[in-house]
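Sequence first, then the predicted structure, then my questions.
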Amino acid sequence: MIQELAADQGGAAADDADALACRAQRGDSDALGRLYDHYYERVIRFTAGRLGDQARAEDVTSETFEAMLRGLGSYRPGTDFAAWLFTIAHRRVGDYFRRLYRRRETTLEDTDVPAAGGPEEAAIAAADRAEVASAFQDLRKDEQEILALRVLAGLSANQVGAVLGKSPGAVRVAQHRALRALRERMEVAS
């Protein structure tokens, strides 16, 4: 069943996630584990992209799955499971920023992603990541959110719309504008 979840853009994949969620609601720990295994990487990419720090992203991802487990009873069968889960992740990221603001912390470290190849390739990759991360952090928060959900989490426009309370068309327009703003900040010709 979980093999069909790979695309998770609709149809059978969404039905399989829904079926696993229903089984998990009934206490099936195998179904819960399959949902976790399938969505963990997408959630951590989303949280790392929004937070800019791998360790903090792991904490927020853990909080996301804890909240998913606690709230599983409120999941409505037939609802897009990925959109439901990323709504939780979106809220946990917001909670993190509220806590950060209250503590007046201001620094976010670069996400540490190993580069393939030799030292030259590693240096170029690190510089490229730093440039993208810097330009991404200069975007408005709503632009960061759209790009993180679409690109890092791999959600469809419909799913992002469900998470943010927007129409799929509004999501696509916002994504286009955010990408244009990112290109301008990186001075990339379109």
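Yep, it's here.

By mean pLDDT, which helix or strand of this structure comes out lowest?
helix 119-138 (a mean of 67; mean pLDDT, DSSP states H and E).

how distant is the following helix or strand past it from the center of its chain?
Counting by DSSP states H and E, the next helix or strand C-terminal to helix 119-138 is helix 141-147. In terms of Cα atoms, centre = their mean, to the nearest Å, the centre of helix 141-147 is found 11 Å from the chain centre.

Report the rounded mean pLDDT for the helix or strand that helix 141-147 is followed by.
Once helix 141-147 ends, the next helix or strand along the chain (criterion: DSSP H and E) is helix 157-164. If you average the pLDDT over helix 157-164, you get 92.

Low-confidence regions, this protein specifically.
Flagging of the chain using pLDDT under 70 yields the residue ranges 1-15, 103-130, 188-190.

Nearest residue to the middle of it?
Nearest residue to the geometric centre of the chain (Cα atoms, centre = their mean): F46, 2.4 Å.

got the contact list for A181?
Counting by Cβ atoms under 8 Å, 6 or more residues apart in numbering, A181 touches 139-140, 143. All C-beta atoms are positioned from the backbone trio N, CA, C, and that covers glycine.

what is the orientation angle of whatever helix or strand it lives in with helix 157-164?
For A181, the element it lies in under DSSP H and E is helix 168-186. Angle of helix 168-186 versus helix 157-164, following axes from the mean of the first three to the mean of the last three Cα atoms, to 10 degrees, is 90 degrees.
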